[in-house]
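Undergrad: Would you be able to build a 3D model of this:
(chains A and B)
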Amino acid sequence: MIEGTLAWINSHLLTAVIFLPIVSLLVPMLLELFGWRLSATTWKLFALIVSGVGFGLALEVWDRFDASVGSMQMVERGGWIPDYGIHYYVGVDGISLFLVVLTAFLLPVIFVASWNEITKRVKQYIFFMMALQSGMLGAFLSLNLFLFYVFWEVMLIPMYFVIGIWGGPRKLYATVKFFIYTMVGSLLMLVGILVLVYLHYQQFPGDPITFDYIGFAGASGIIDTPIPTEGQPWWQNQVWLFLLFGVSFAIKVPLVPFHTWLPDAHVEAPTAGSVMLAGVLLKLGTYGFIRYSLPLFPIATIQLAPWIMWLAIIGIIYGALVAMVQSDVKKLVAYSSVSHLGFVILGLFALNLQGLEGAVLQMVNHGISTGALFLLIGMLYERRHVREISEFGGLARVMPVFTVFFLITTMSSIGLPALNGFVGEFLILLGTFAVSPIKVVFAISGVVLSAVYMLWMVRRVFFGPLVHDANRKLLDLSLREKLVATAMVVPMIWIGIYPATFLRPMDRSVSALLRKMETRGADLAAYQRVESGAGKKSAKVSRTVADE
Amino acid sequence: MIPQIDIGALGPMLPVAVGAILLPLAEVLMARKRTFLSRPFTQERRGTFLAVASLLCLVIALIISVNGLLGPSRVFNSGNPMIVMDGVAHFLNIVVLLGASLTVLGSVKYLADIHSNHGEYYALLMSSVLGMMFLTSASNLMMLFLALELMSIPLYVLAGFRRSSLRSNESALKYFLIGSFASGILLYGMAILYGMTGSISLAEIGKRFDPESAPHLLGAALVVVGLGFKISSVPFHQWAPDVYEGAPTSVTGFMATTVKVAAFGALMRVLAVALEPAAELLYGALWVMAVLSMTLGNVMAIIQQNIKRMLAYSSIAHVGYLLVGVIVGTLDGYAAVLFYLLVYTFMTIGAFTVVAILAKGGEDRDRVEDLAGLSQSRPLMAVVMTLCMFALAGIPPTAGFMGKFHLFRAAIERGIEIGDTSLFWLAIIGVLNSAISLAYYLRVPLVMYFRDAPPTSDPDVPGFFERVVLLTCLAAVVLLGIVPDDIFNVLSQTAASAQHLLLLQSP
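TA: Here you go, the predicted model:
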């Protein structure tokens, strides 16, 4: 039986990755049902092992991944509601690969980190974290719009409970706001999906109806519709469909002005919730843009890209400015997320290889850096039960190890060369420069501001005199906490020093994406030229070179 | 000519009719001092016995209906048919019977808890079910009206079943007055339709209906208004919250689900068969009714503190969603409505059963705060309630989502097919309303999971029957959400089997 299971996992690797967390819970649940009383520690241990195995499976996906192929790999497809074109259809490409690995990586780390933090309702906590994990992995891997939508919504429920049960003082307000905000967006996306699918059905009357939106070698019957930009009722043209999808993604990212749920949710969530929110959930917004909006609505993307990029720049600067004046460490990091994800959006809508690769890499970077910041702040909060910056000062003297880890993470978040943040931001700025140099000028001011608020915070928390007596007795990191912090710092340095490990598998997939946009009517070359004076000049230069 | 009668067509109704007639008799026999067991039954035992007996009748009827579901349509009498047992009728009967069975199971302990364990409860319930079954299959105006009354009159009594409670009495009186008023309007509309077309057969009316003529349209409008009262769609909804709040909880669950199922059956049949020529105009009116129902129902539900009242407004909102499928008016739309009715029955009865279990010592505990800390004291009830709320809100992977998905899918498919912007707007308004509805549906799990119970609270333990109801609803809400494929295929076939009726061909 075990061999059979292993063989099954071997041939259905992605399915195993998605459903392992939630299905494995059946084991302790059945044990409890038949009268075994499992202690909280047993549950935690079980969760840790399962999430570790999940990470192992994700690494196996990475190992099997063929970087020389740009299309979907390890595809699995089966009927769910086949009469309506709804299939269980999953696959991985260079864009989703590292997001999956990141998601699988964060869960065991979180379980170790919150070993002592969660004391009440441990079973429910583990259940909701596992359900959340399955939902997120499913959303990254699904290739059927309906399946994607289901996973996208399924994530909300566990997150709602995680914030609501284990959250801070204003948890009820925060969790309801989070839920309603995201739900409004995703419901509009549902309408968008339906309109898209039936437009395709109408344009190709012979084809069976389908919600599959991306093909693999030899696939047929996918949504490959050149959606018109005019000549149809207004709600059926590309721009409106883009907006129906885009609002949902923009709320998740969050793009200014849809960001107001984020600080509340981040601050009130327990450490595990914050890490999952910052580390993975926000990425689903940007992932949605890259996976759905760009290839499905390329013409609308080009039309709207300048506006979205300006919104991203407003987000970069606004997030940084607001972060600067925060007195609560966690809130500061929350607003820094708004700023950092602005960069990701900027890179995405540059619509060139550097920009897109930088954006995908920066998604991973932000997940690691900001996740690590939240974990470290959680450790501090466990000791002092306050997060006000003014409550600290001079911590470097009592907690030297903690200080070192925090400094490295801060540097990675700021984007110091040789750490991960630098590579991502540099590629994004490079990509954006090809489109619009003026936007780069504004964006770089965001980089400077991020150094200002992060370093200012570090100075006030770690250096200077030890003013508060409560801080004198603080213990430095325990072995468990050192392990957590080390696990987070290793990928920062790895990506910073040798990003090629991560960039190479993306290459083919990203260029395949750009090609697909072009075949569906997007004039990318013109976009790169029209938007930028520099682009024109360089084009002219290259022409003269060619002439000679 | 003597019409040929196919009594077998009434198969599903017979067990229910037998139950409705024999149950009061059984109650009287058991109440005597010397029974065949030589000692009187206790009141509690009598209640259980009657519940099991009525359940038996319902299950037999259910089995007959399931057997008939994919079989050929049967007509009760030749000539102008009064009763047509087609796929749609069978399916709606199944939903009604399921709802009634769950209600019966959920009533046993509840009736004892509110000190109203009188035997006639089950007999009244059965007569009402009988009315509903006739209503779903009626294919002429006379039959329609008779069935409607047979359904409604026992419900007036059931609403006032807690004789000593003022609220229950108010509920019954209000329901009775408004109900009679609605019947009057409906009857007036029918009279006009008969007067203008000279027939009471729905199919004949459909052939002779003249959408240009004002009296024809007046008749059609009055019929729709009368049915609008029965499904409690805005602006004919004002009675619903008061009636739902005052009636005994088990009866409320019954009213909120099965009545709507049967009335929607009648509405679809009347619209698709008799009033099809006036579709254009009527659908405009229904569009407004749908939008108003969704929006008003959801907005008003937000401010309610009483769960039954909240669910009453939520049921008004759900009528709005259901009307979307009716407005679409294709077979696909009707199939979506049928599916949603099934799903809606499970999720609503699940929620009402949880509220009913909480009743204790003769009093309902139906404020939202009464649920505080339920996740700690009664996890099963909390899980069922939470899933029902998520399902009502339409969040995947629950059945409620599948239901809404099919409704809005049908609307958009049709909208794109005929290039109709109003159907697109209907879908947009529908999904935005689902978002509004979260504001109150989420409050219930919030109270159950995030608040601690007051130290005095000691929620009742669900009995065996209640457990069965809770687990059935749980299983249905989850399974219909995860594997809806088979049941929806059956529904598509069902709708197709009724096609000859919907397409105006006299059988």
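
Undergrad: For A:L376, give me its contacts.
TA: Contact analysis of A:L376 by C-beta atoms under 8 Å, 6 or more residues apart in numbering or on different chains lists A:F402, A:F405, A:F406, A:T409, A:A485. Any C-beta I mention is one placed from the backbone N, CA and C, and that applies to glycine too.

Undergrad: what's the closest non-adjacent residue to B:L70?
TA: In space, and not counting its chain neighbours, B:L70 is closest to B:Q493: 6.5 Å by C-beta to C-beta, 6 or more residues apart in numbering or on different chains.

Undergrad: Now do the SS call for the one you found.
TA: Using DSSP: H, G, I helix; E, B strand; the rest coil, the structure places B:Q493 in helix.

Undergrad: The closest residue to B:M82 other than its chain neighbours sits in which helix or strand?
TA: Excluding the flanking residues, the one nearest B:M82 by C-beta to C-beta, 6+ apart is B:M143, at 4.6 Å. Counting by DSSP states H and E, the element that carries B:M143 is helix B:141-159.

Undergrad: ok, and for that helix, which residues are buried?
TA: Going by neighbour count (16 or more other C-beta atoms under 10 Å in any protein chain shown), the buried part of helix B:141-159 is B:141, B:143-145, B:147-159.

Undergrad: picking up where we left off before, contact partners for the residue nearest to B:M82?
TA: B:M143 touches B:M82, B:I83, B:F134, counting by C-beta under 8 Å, 6+ apart.

Undergrad: Measure how buried A:A526 is and give me the count.
TA: Counted with other C-beta atoms under 10 Å in any protein chain shown, residues neighbouring A:A526 total 10.

Undergrad: Can stretch A:6-22 be said to contact chain B?
TA: No. Judged by C-beta under 8 Å from any C-beta of the partner chain, stretch A:6-22 and chain B are separated, with a smallest distance of 11.2 Å.

Undergrad: What's the end-to-end length of stretch B:110-124?
TA: 16 Å (C-alpha to C-alpha, to the nearest Å).

Undergrad: same question for that stretch, mean pLDDT?
TA: Average pLDDT, stretch B:110-124: 85.

Undergrad: centre of the chain versus it, how much separation?
TA: Centroid separation for stretch B:110-124 versus its chain: 21 Å, with C-alpha atoms, centre = their mean, to the nearest Å.

Undergrad: follow-up on the earlier one: for the contacts of B:M143, which one is nearest chain A?
TA: B:I83 (31.5 Å; C-beta to the nearest C-beta).

Undergrad: Next one, pLDDT for the residue in the stretch 401-507 of chain B that chain A sits nearest to please.
TA: Nearest residue of the stretch 401-507 of chain B to chain A, counting by C-beta to the nearest C-beta: B:V431, 3.8 Å away. Model confidence at B:V431, expressed as pLDDT, equals 91.

Undergrad: Leaving out the residues flanking it, which one is nearest to it?
TA: Closest to B:V431 by C-beta to C-beta, 6+ apart is A:L187, at 3.8 Å.

Undergrad: give me the low-pLDDT residue ranges for chain A?
TA: By pLDDT under 70, the weakly predicted segments of chain A are A:215-231, A:529-548.

Undergrad: Quick one: name the residues of it near chain B.
TA: A:79-84, A:149-150, A:153-154, A:156-157, A:160-161, A:164-165, A:171-172, A:175-176, A:179-180, A:183-184, A:187-188, A:190-191, A:194-195, A:198-199, A:201-202, A:233, A:235-236.

Undergrad: Wait, the residue nearest to B:V431 touches B:S437, no?
TA: No. Applying C-beta atoms under 8 Å as the test, A:L187 and B:S437 come out as separate, 10.6 Å apart.

Undergrad: Now B:G71, what are its backbone angles?
TA: As for B:G71, its main-chain torsions (degrees, to the nearest 10) stand at phi -80, psi -180.

Undergrad: That one and chain A, how far apart?
TA: 22 Å (C-beta to the nearest C-beta, to the nearest Å).

Undergrad: Show the subsequent helix or strand relative to whichever strand or helix holds B:K260.
TA: Per DSSP H and E, B:K260 falls inside helix B:260-269. Note on helix B:260-269: by DSSP H and E, the next helix or strand toward the C-terminus is helix B:279-302.

Undergrad: and that following helix, which residues are buried?
TA: B:282-283, B:285-287, B:289-301.

Undergrad: quick one, what contacts the residue of the stretch 201-350 of chain B found nearest chain A?
TA: Here the stretch 201-350 of chain B gets closest to chain A at one residue, B:D332, 9.9 Å apart by C-beta to the nearest C-beta. Contact analysis of B:D332 by C-beta under 8 Å, 6+ apart lists B:A410, B:E413, B:R414, B:S492, B:A495.

Undergrad: mind putting the residues you listed in TSV, distance to chain A included?
TA: Formatted as TSV, the contacts of B:D332 follow (distance: C-beta to the nearest C-beta, whole Å):
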residue	distance to chain A
B:A410	10
B:E413	5
B:R414	9
B:S492	8
B:A495	13
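
Undergrad: Confirm that A:P254 sits in a strand.
TA: No. With three-state DSSP as the criterion, A:P254 is located in coil rather than a strand.

Undergrad: contacting residues around it?
TA: A:P254 makes contact with A:W261, A:L262, A:L282, A:G285, A:V338, A:L341 under the criterion C-beta under 8 Å, 6+ apart.
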